[in-house]
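# 3D, please:
(2 chains)
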Amino acid sequence: MEFTEKELKNLFQLYGDSHAQLVSIGLSLHWPRHEILDVVNQLFLDLAEKKVDWSDVQEPRAYVVRAFRNRLTDLARRKKREHDHHHVLADQADQSELSAEEILLRREDQEQLLKRMRQAYADLPPRCRQVIRLKYYEGLTTAQIADRLGLTERSIYNNLFEGIRQLRTTLHTGGQPSVSSALFALMLFQGPALKILLSNSW
Amino acid sequence: MEKRFSVEELIIDDDFIRYCLLEMEADKKNWNQYLLQYPDEKNNLEEARRWVIDLTTLADAEQQEVALSQFKAILQSKWSLPSPAKAETAPRRSGIRRYAVATSVAAGLLLAVGLLFFLQPGNRTPTRAISPPSEPAADLPVVFTTGYGQKKTIYLPDSSRVQLNAGSYLLISDNFGAADRQVYLRGEAFFDVNRDRSRPFIVHADGFDVRVLGTVFNVKAYPSDRLSEAALIGGKIEVLLKGNVADSFALHPNQKAVIDRIDAKHSISAATDIKKTAYAGRLEASVKPLTILTPGEPAAEMAWTLGRLEIPDLDFSEIALLLERRYNKRIVFASQRVQRYRFTATFEEESLDEVLKALQLSYPFAYTYAEKNNEVLIKDK
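Residues are numbered from 1 along each chain as shown, chains lettered A, B, ... in the order given. Predicted coordinates:
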């Protein structure tokens, strides 16, 4: 199998743009993280092998999202057949399929939300940013963070609580009717806005 | 669960986060139970779950480059691609080199395929990139950790795959891939290492090193356990006891080295000084066959990678360590006699409660939960 430089560039670009979004969707559909990562990598290996011509695809990211969700559905069916009761949520995945129009509307909402989240995170006191980062970025437990920073669990807990409380308050008071619905949109379409958010805020 | 959580409390609760990210049966049961008790908390629970997923996703997106570099490594090793930057100068290789089995298999079978590889290492065409990335470890996080009740899969820059079991810590050396490939492990990990004779793969554990050419093996070396082991599924590894170079031995497939840290004080070596702490006491090592509980099934040593908990004739005190890691609960014995009961069993999706109930069928003991301390107290009946 040989690839042109352009093919690889397009593929890697799409991978980078979609990865976080796909993981988020997988988690929302109740899949464990390590399985999601495997599915994503296999999906892109197959896309590479198929040599999809991305200039023919109107919304490459939407295409990838759909392909990814189909794979989760297939995987869930297969697991069900194998008497693995771990995931039988496949059918739920299909119900929330969105039209292209809906996707675009939600993307706008979401970009607004992301801006505000980024601001809210940046406004947190450094001690709150630090523990939130250790918890959700490095996956440490409260006890492990306490260990790492040489502080008591109680003070780590307090900083986490304070940080999350502030994030929620900021997002709730900005006129957003419900954070969870906005975040749902976020999960379905994370594009460049997320990148902007991340490059500056963590 | 007796306590009612606020949304904030849920978002930062370690058990709740684990439930959102790992979807283990035991956790699902716990939180369903919580909902039964407080049906009006459903919206709060949903909102908290969204927050956890979202905060994690933000972190994932930051690691986008890492994920991408790992994917590039996989792609490279699968098709022996020259790295794009060097496409002009790298020698072209004719023909397609690929995994013998993998190409025809859908994503859902990844696990099964992995298993196939583990069991038939001979089937695997050696694959590797023509031109290894010049600074392979530059954008890889240096440290991976898992809490109790957590697992992680990591692709190294050479596309070797590591599954990290609960309560473990893996440090990747700064210049991984330059002259050799070195990692430091506390806890347990399953390695599927890509063959590369010119760059040996070395796992540093407390008390011993494992040297690898290209192979599939499991290393278990928790600081809290006196016994450590390196189990070989396929290929070839060499185990070197530290501070005693004369004591090294090669393992054949389906063998394991069991290392007894005779003077081990339990709970030493905080994860943060992984490179500094080194066991300095006496060591004893022996070679044993892998444990096969069910003929035709993979060895018990790798069962955890398949989500199983295998108990091959162990003391209750040893089993308690396995349960603590798997279920993130502390297990406390009020009776020495109970600690010495021995059990053999296999579990898959069972909750801690179901496991304990099953064990009670073999020997009489009683247990109570102390939710406040996250403990289970086990005593005489």
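# low-confidence stretches in the chain?
By default, I'm working from chain A. Where chain A drops to pLDDT under 70, the residues are A:81-115, A:174-202.
# look at chain B instead
B:1-2, B:59-63, B:73, B:76-141, B:243-246, B:263-280, B:296.
# repeat that for 50
Scanning chain B for pLDDT under 50 picks out the ranges B:82-141, B:245, B:266-273, B:277.
# mind naming the longest strand for it?
Counting by DSSP state E, the longest strand found in chain B is strand B:181-192.
# contacting residues around the next helix or strand after it?
Following strand B:181-192 in sequence order, the next helix or strand is strand B:201-205 (DSSP states H and E). With Cβ atoms under 8 Å, 6 or more residues apart in numbering or on different chains as the test, strand B:201-205 has contacts from B:160, B:180-186, B:189, B:191, B:193, B:209-214, B:219, B:221, B:228, B:230, B:275. C-beta coordinates here come from the backbone N, C-alpha and C atoms, glycine included.
# could you rerun that using 7 Å?
B:160, B:180-185, B:191, B:193, B:209-212, B:219, B:221, B:228 (Cβ atoms under 7 Å, 6 or more residues apart in numbering or on different chains).
# ok, those residues vs chain A, which is closest?
Relative to chain A, the closest of the contacts of strand B:201-205 is B:Ser160; by Cβ to the nearest Cβ it sits at 13.9 Å.
# okay, now that closest one: neighbour count?
23 (other Cβ atoms under 10 Å in any protein chain shown).
# need the contact list for it.
Counting by Cβ under 7 Å, 6+ apart, B:Ser160 has contacts B:Phe191, B:Asp192, B:Val193, B:Asn194, B:Phe201.
# name the helix or strand for B:Tyr363, please.
Here B:Tyr363 is assigned to no helix or strand, by DSSP H and E.
# ok, and the closest non-adjacent residue to it?
B:Tyr341 (4.6 Å; Cβ to Cβ, 6 or more residues apart in numbering or on different chains).
# helix or strand right after the helix or strand in which B:Ser286 is found?
Counting by DSSP H and E, the element that carries B:Ser286 is strand B:283-289. Using DSSP H and E, the helix or strand that follows strand B:283-289 in sequence is strand B:309-315.
# which other residues reach that next one?
With Cβ under 7 Å, 6+ apart as the criterion, strand B:309-315 contacts B:291, B:293, B:300, B:303, B:319, B:322, B:326, B:339-340, B:342-347.
# can you tell me which of those residues are in helices?
Those of those mapping onto helices are B:Ile319, B:Leu322, B:Arg326, B:Gln339, per DSSP state H.
# list the helices and strands the helix of greatest length in chain B packs on?
Scanning chain B for the helix with the most residues, using DSSP H, yields helix B:42-62. The contact analysis (3 or more Cβ pairs under 7 Å, 6 or more residues apart in numbering or on different chains; DSSP states H and E) places helix B:42-62 against helix A:5-28, helix A:126-136, helix A:179-188, helix A:192-201, helix B:7-12, helix B:14-22, helix B:25-37.
# with mean neighbour count and distance to B:Ala334 added, can I get these in CSV?
Shown next, in CSV, are the helices and strands packed on helix B:42-62 (neighbours: other Cβ atoms under 10 Å in any protein chain shown; distance: least, Cβ to Cβ, whole Å):
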stretch, mean neighbour count, distance to B:Ala334
helix A:5-28, 20, 39
helix A:126-136, 20, 34
helix A:179-188, 21, 44
helix A:192-201, 17, 49
helix B:7-12, 22, 31
helix B:14-22, 22, 24
helix B:25-37, 15, 23
